[in-house]
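K.L.:
Sequence and predicted model, in that order:
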Amino acid sequence: MKHYLIGGAAIAAIAGAAFFTLAPYNIAASVPHFPLVGEVLHQYLRNAVTVRASRIEVPAQVDLSDPALIRLGAGHFATSCQMCHGAPGIERNPVVEHMRPAPPPLDGDDYEPEEFWWIARHGFKYTGMPSWVAERDDEPWAMAAFLSHYNDFDRTTYEEAAFGEAGAYSSDAISFTDGIPNTCTRCHGEDGMGRGGAAPIVSGQSEGYLIAALMAYGNGQRQSGFMQPLAKPLEPIERARVAEGMAGGGAEWNGIPLPFGDAERGRDLANRGSEHEDIAACSSCHEGHGENGLYPERSDVPRIAGQHGYFLYNWLMMYRDGPVPTTERAHLMAAAAKPLSDEDIADLAAYYSSVR
Amino acid sequence: MEHLFWVLLIGAAVIWCIVIGAAVYAQKASVPDREQQARHFIVWGGAVFPTVVVGALLVWGLVILKDITPNEGDRTIRVDGERWWWRVVYDTDDGPVPTANEIRIPLGETALFKLTADDVIHSFWVPSLGGKMDMIPGRETQLALTPQKLGNWGGLCAEYCGGAHALMRFDTVVMEPDEFDAWLAAQAQPATVDPEDEGYQVFTEEGCGSCHTIRGTDSIGPVGPDLTHFASRERLGAGIYKMTPDNVSDWITDLDNMKPDIDMPSYPHINGARLEALVSFLMSLE
């Protein structure tokens, strides 16, 4: 009996080694899977997404039907997804059709928003689908918002949402001259006001701050799945040009208020802090200078008064829960965010987004 | 309280001698074996006598305890335990005078400490001046101290309160009453700060004022110690480093080594002339 076992194990080992070395299973993308293999693998993938997305909830600050959030998702889709998946009214490139598995066009997918979030956040092994560039749980919700409305778009409305003046958005404020890459303006707008909440307002930030932010995104010191892919390729001269074009704009910051949170309490916290909760006064660094005292004193500190509430909320969450940027002074902001509760963050974001 | 000490010492010595004497007597002498006598000896010497003595001492102790935990003193000082420092407020007729990490009291007067805790349980203890008293979140406890000698009597937190507990100390300076009055009057004054002062510029630029208050300026942060008369304190960092420019400089740039775990972040990027200006500004806050 014992001999049979040893003999069997030896044969199995030799057969295994031969299979591994001679590689008889054809991995060529040009050759289809054996019958059912592809279907089984795909169904496993669907099951895995369903299981993993089942415990995910849409966070309080995310409104999946918010046109601004959908615009942000469409803009990023154009940057990072369209090249493989095609887009509304835009066929996939024949090259990607010859991948196996081929990235599917997304017009037929009936995933739930939470499942879209999970896929965008985590990607798939063995398929070519990458995970989110940054360790940011907040950002992929823009993709969930866009993809949930994917079939509402045709080519024209998609391109409007991703690149142009879409929906109720209109700009009567300043406009940039040449030299700002379309990759910036597609989300931040021609005028740098963030296209009605699709992206943060950047017009009016200091040049120094914008250069520092682009550098931090470019070298990964600050994480963002939206910004890193666009900032990394920029040469120093391009960063300077972008910052120069975007900085110092004169338009009034018209941040879209956070739809929840107590702005009155937020004002109190922002200006006076809290002794008992150990909350520092935000205004001490972020306000007190420039026009109406709404600008920070230091050029490497961002203006926040009048910024869109959605981003203020997400940034405070990011500084509290990570990933905290590793830039020189980011630990100061992390120390300030550490004692904040969810409620404090909502109140502060509600207040600062309503400041004019 | 001193009487109690001497009574206890002498009483204990006398009782000890009697007990040892009885033991030696029992060994040496041939005591008649009488049960009745032995029972009396045990009942009176082993039960009644200790009960009466300890009971009397307890009553006396409670009476004295009432004296050292009065509800009023010559002045009230509020101390709030924070992780890991002391927020100190003198209540005066002209309003509260906030300071931190250093307590000054006049010789011979009774100071009534009203003790609270901001986060976790701390304990307020100046061993040379009296007993310790817990500081409990959501409650106010009291402790009265009447210093009899001039000097600096160190104090500390006597209840483990987290990472930097061992570095949560304070100076307790006992002063002549008139010197004390002058000191308190000086502490009550706002700081005189030139808004153009280079060091003050650094102070505001770096956002120090979001946590720290310097009375008389725009810096009104409520989180950390009041810095209005920072340099008048003998020590830095809740009673742990001498107040010298070098230590202040290290405190700002190398906090993670000076006092690990605390909420204040380190500012290693402040250096050169800016650091010098900031330190000399802080050292001017007397």
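P.N.:
Nice, I can see it.

K.L.:
In this structure A:V49 contacts A:I119, no?
P.N.:
Yes. At 6.2 Å, A:V49 counts as touching A:I119 under the criterion of Cβ atoms under 8 Å. In short, each C-beta sits where N, CA and C put it, glycine included.

K.L.:
Now the common contact residues for those two.
P.N.:
Overlap of the contact sets of A:V49 and A:I119 (by Cβ atoms under 8 Å, 6 or more residues apart in numbering or on different chains) consists of A:Y111.

K.L.:
the more surrounded of those two?
P.N.:
More crowded of A:V49 and A:I119, by other Cβ atoms under 10 Å in any protein chain shown: A:I119, with 23 against 19.

K.L.:
List the contacts of that one.
P.N.:
Contacts of A:I119 by Cβ under 8 Å, 6+ apart are A:49, A:111, A:129.

K.L.:
What about those residues, which are in strands?
P.N.:
Taking DSSP state E as the definition of strands, those contribute nothing to them.

K.L.:
Throw these into CSV and include distance to chain B and pLDDT, thanks.
P.N.:
As requested, those are exported to CSV (distance: Cβ to the nearest Cβ, whole Å; pLDDT from 0 to 100):
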residue, distance to chain B, pLDDT
A:V49, 41, 96
A:Y111, 42, 93
A:M129, 39, 96
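
K.L.:
Just put those in TSV and tack on distance to B:Y200.
P.N.:
TSV is the format used below for the contacts of A:I119 (distance: Cβ to Cβ, whole Å):
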residue	distance to B:Y200
A:V49	57
A:Y111	57
A:M129	55
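
K.L.:
Run through chain A and note the low-pLDDT ranges.
P.N.:
A:165-182, A:248-250 (pLDDT under 70).

K.L.:
tell me the domain ranges of it?
P.N.:
Per automatic domain parsing, the structural domains of chain A span A:61-162, A:175-246, A:263-354.

K.L.:
want to throw the ones you listed into CSV with distance to B:T217?
P.N.:
CSV is the format used below for the domains of chain A (distance: least, Cβ to Cβ, whole Å):
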stretch, distance to B:T217
domain A:61-162, 36
domain A:175-246, 25
domain A:263-354, 11
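
K.L.:
Out of these, which is closest to B:E198?
P.N.:
Nearest to B:E198, of all the domains of chain A, is domain A:263-354, at 14.1 Å by Cβ to Cβ.

K.L.:
What residues are bridge-paired with the residue nearest in space to the middle of chain B?
P.N.:
Nearest to the mean C-alpha position of chain B, by Cα atoms, centre = their mean, lies B:G155 at 3.9 Å. Taking DSSP bridges, one obtains B:F170 as the residues bridged to B:G155.

K.L.:
Isn't it up against B:V174?
P.N.:
No. Counting by Cβ under 8 Å, B:G155 does not reach B:V174; the two are 11.7 Å apart.

K.L.:
How much space separates the residue nearest to the centre of chain B from chain A?
P.N.:
For B:G155, the distance to chain A equals 22 Å [Cβ to the nearest Cβ, to the nearest Å].

K.L.:
Over to B:E198?
P.N.:
14 Å.

K.L.:
what about that residue, neighbour count?
P.N.:
15.

K.L.:
Just confirm it contacts B:E276, I think it does.
P.N.:
No. Contact criterion Cβ under 8 Å: B:E198 and B:E276 do not qualify, at 9.0 Å.

K.L.:
Give me the common contacts of these two.
P.N.:
Residues within reach of B:E198 and of B:E276 at once, by Cβ under 8 Å, 6+ apart: there are none.

K.L.:
and the residue in the stretch 101-250 of chain A that chain B sits nearest to, which of the three is it?
P.N.:
Nearest residue of the stretch 101-250 of chain A to chain B: A:A212, at 12.8 Å (Cβ to the nearest Cβ). At A:A212 the chain is in helix, as set by DSSP: H, G, I helix; E, B strand; the rest coil.
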